[in-house]
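A.B. asks: sequence plus predicted model, see below.
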Amino acid sequence: MMLNSGDTAWMLISTALVILMTVPGVAMFYSGLTKRENVLNTIFLSFVSLGIVSLLWFLFGYGLIFSGDVSGIIGSHQVGISLINLGSASKYAPTIPEGLFAIFQMTFAAITVALISGAVVERIKFSSWILFIPLWFALVYVPVAHWVWGGGFLQNLGVHDFAGGIVVHLTSGIAALALALVTGPRYDQKLMPHHLGYSVIGTGLLWFGWFGFNAGSALSAGSLAVNAMIVTNTSAAAGMIGWILMDRLKTGKPTLLGALSGAVAGLASITPAAGFVDIGASIVTGLLAAVTCYLAVSWLKPAAGYDDALDVFGIHGVSGIIGTLGVGLFAVPALNPSLTSGGLLTGSTSLLVSQLIGVVTVTVYTFVVTYLLAMLLMKFKGLRVEREEEIQGLDINLHEETGYRLT
């Protein structure tokens with residue numbers, strides 16, 4: 001196939017949309033949920049993630065994920081820059097330049113790291129976060145992305161992840177849980193959003209950018225992208241309504257924070273399935289995500305006693321599982337030629353089994369490696385700021401800046 005200008009234009013736009021999701025999307029969404037003394041530090045955690053991953057991606061990430069294969073575990077080339085021919089087509093997307101495919105995939109790595117930060121805001125050392133990013137990217141994101149997307153063993157087992165339910169949301173959610181457990185709880189664990197308006201803006205940017213995230217993963221401007229865009233929107237809407245209903249059932253009052261959380265749960269849950277399921281399935285997926293994530297946040301977290309500050313595991317991790325298994329339930333082969341069998345509702349169990357294997361494998365690997373990495377950082381560097389710094393706020397203590405005039 002030849003390079004196609006329409007596909008190239010669409011993928012340029014999609015790439016920009018996904019970058020927008022990290023900064024300001026995730027940054028604004030997270031910062032509105034923290035205390036005002038930590039607003040800049042919270043934004044900075046996402047912002048610096050984008051910068052560091054952008055460099056690491058072209059130094060070695062792209063090469064180790066998408067170039068060759070060694071025993072189904074990792075790519076065969078270490079240096080990514082020399083592998084990219086800007087004028088040639090990508091073997092993964094034959095109608096767009098390889099460089100465009102490379103930078104589009106980079107945006108997924110960047111947002112994955114940024115998402116993790118929500119679990120440990122208001123208490124992690126900025127210097128420790130700087131060290132965590134390259135280590136986690138190299139030891140977790142790179143191998144998992146190769147397993148699922150780059151010709152690794154999970155892809156060969158038939159695991160399907162259209163836009164990152166496993167690679168992005170499951171890894172970030174599980175990593176967030178492990179990092180939160182090692183870092184320990186905040187001294188004040190109450191969720192005290194200082195400016196929900198920021199979070200509304202962040203959620204709106206995420207919803208908008210998610211069209212590039214999911215529809216862009218079609219890697220061309222065609223009917224598959226259209227389907228992905230439609231089901232992305234309907235799942236987000238269903239997730240929002242589902243969370244509002246859960247709030248109403250439990251407390252008698254709907255909350256704006258709940259509506260935002262439900263929308264993000266719906267978006268995250270449809271991510272692995274956007275290119276494989278129809279509109280009806282997307283509504284069911286969004287509703288299921290809202291209910292399960294609500295229970296994870298309101299029941300599981302208090303019962304288990306961990307302090308995942310902004311519910312990265314409870315929303316992204318759980319939604320990633322729901323959506324990935326949803327592929328095994330609802331996938332329709334007619335929508336995507338890459339499917340060799342449909343979901344359970346079409347009478348086949350093989351796809352559901354493959355999806356379950358993918359979820360279990362990546363969950364265990366991500367948790368173990370992240371936990372050990374966090375323990376290593378805690379031992380040699382320390383993860384927590386001092387008690388006085390945490391109480392006073394990280395903006396002034398770590399950066400000598402403030403988001404607002406406090407006097």
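C.D. replies: Done, it's in. Numbers count the residues shown, from 1 in each chain.

A.B. asks: and the strands in the chain, which stretches?
C.D. replies: For the chain, no strands are identified by DSSP state E.

A.B. asks: could you measure from the nearest residue to Gly184 once chain neighbours are set aside over to Tyr306?
C.D. replies: Take Gly184 and drop its neighbours on the chain: the residue closest to it by CB to CB, 6 or more residues apart in numbering is Arg384, 6.6 Å away. Where C-beta positions appear, they are placed from N, C-alpha and C, glycine not excepted. For Arg384, the distance to Tyr306 (CB to CB, to the nearest Å) stands at 15 Å.

A.B. asks: ok, now Leu376?
C.D. replies: Distance, Leu376 to Tyr306, by CB to CB: 20 Å.

A.B. asks: then Glu388?
C.D. replies: Counting by CB to CB - Glu388 and Tyr306 are separated by 24 Å.

A.B. asks: please apply the same query to Trp147.
C.D. replies: 27 Å.

A.B. asks: more neighbours: those two, which one.
C.D. replies: Trp147 (28 against 19; other CB atoms under 10 Å).

A.B. asks: spatially nearest residue to that one, not counting backbone neighbours?
C.D. replies: The spatially closest residue to Trp147, leaving aside those adjacent along the chain, is Leu154, at 4.2 Å (CB to CB, 6+ apart).

A.B. asks: which stretches in the stretch 51-200 of the chain count as helices?
C.D. replies: 62-66, 98-116, 126-136, 142-149, 153-156, 171-183, 196-214 (DSSP state H, counting those that start in this stretch).

A.B. asks: and of the ones you listed, who's closest to Val39?
C.D. replies: helix 196-214 (7.8 Å; CB to CB).

A.B. asks: mind listing residues that contact that closest one?
C.D. replies: 13-18, 20-21, 24-33, 39, 108, 162-164, 193, 228-229, 231-233, 236, 256-257, 260, 263-264, 267, 270-271, 274-275 (CB atoms under 8 Å, 6 or more residues apart in numbering).

A.B. asks: can I get the buried part of those as one ChimeraX selection?
C.D. replies: If you want just the buried ones from the contacts of helix 196-214 in ChimeraX, going by 16 or more other CB atoms under 10 Å, the selection is:
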select :14,15,17,18,20,21,24,25,26,27,28,29,30,31,32,33,39,108,162,163,164,193,228,229,231,232,233,236,257,260,263,264,267,270,271,274,275
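
A.B. asks: measure how far stretch 108-124 is from the centre of its chain, please.
C.D. replies: Offset of stretch 108-124 from its chain centre (CA atoms, centre = their mean, to the nearest Å): 9 Å.

A.B. asks: now the terminal residues of it, how far apart.
C.D. replies: One end of stretch 108-124 sits 23 Å from the other (CA to CA, to the nearest Å).

A.B. asks: so for it, mean pLDDT?
C.D. replies: For stretch 108-124, mean pLDDT is 98.

A.B. asks: before we move on, what about stretch 208-225?
C.D. replies: 98.

A.B. asks: list the buried residues for it?
C.D. replies: 209-221, 224-225.

A.B. asks: likewise stretch 88-102?
C.D. replies: Those would be 89-90, 93-102, for stretch 88-102 by 16+ other CB under 10 Å.

A.B. asks: kindly reformat the residues you listed as a markdown table containing pLDDT and distance to His169.
C.D. replies: What follows is the buried residues of stretch 88-102, written out as a markdown table (pLDDT from 0 to 100; distance: CB to CB, whole Å):
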| residue | pLDDT | distance to His169 |
| --- | --- | --- |
| Ala89 | 86 | 29 |
| Ser90 | 85 | 24 |
| Ala93 | 94 | 22 |
| Pro94 | 93 | 28 |
| Thr95 | 96 | 27 |
| Ile96 | 96 | 25 |
| Pro97 | 93 | 28 |
| Glu98 | 91 | 26 |
| Gly99 | 92 | 26 |
| Leu100 | 94 | 24 |
| Phe101 | 95 | 21 |
| Ala102 | 94 | 22 |
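
A.B. asks: adding distance to Gly314, write those out as a markdown table.
C.D. replies: A markdown table is the format used below for the buried residues of stretch 88-102 (distance: CB to CB, whole Å):
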| residue | distance to Gly314 |
| --- | --- |
| Ala89 | 41 |
| Ser90 | 36 |
| Ala93 | 34 |
| Pro94 | 39 |
| Thr95 | 39 |
| Ile96 | 36 |
| Pro97 | 39 |
| Glu98 | 38 |
| Gly99 | 37 |
| Leu100 | 35 |
| Phe101 | 33 |
| Ala102 | 33 |
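
A.B. asks: got the angle between the lengthiest helix in the chain and helix 126-136?
C.D. replies: The helix that spans the most residues within the chain, counting by DSSP state H, is helix 350-380. Here helix 350-380 runs at an angle of 140 degrees relative to helix 126-136 (axes from the mean of the first three to the mean of the last three CA atoms, to 10 degrees).

A.B. asks: buried residues in helix 350-380, which are they?
C.D. replies: Those would be 351-352, 354-355, 358-359, 361-363, 365-367, 369-371, 373-374, 377, for helix 350-380 by 16+ other CB under 10 Å.

A.B. asks: what packs against that helix?
C.D. replies: helix 126-136, helix 142-149, helix 153-156, helix 171-183, helix 318-330 (3 or more CB pairs under 8 Å, 6 or more residues apart in numbering; DSSP states H and E).
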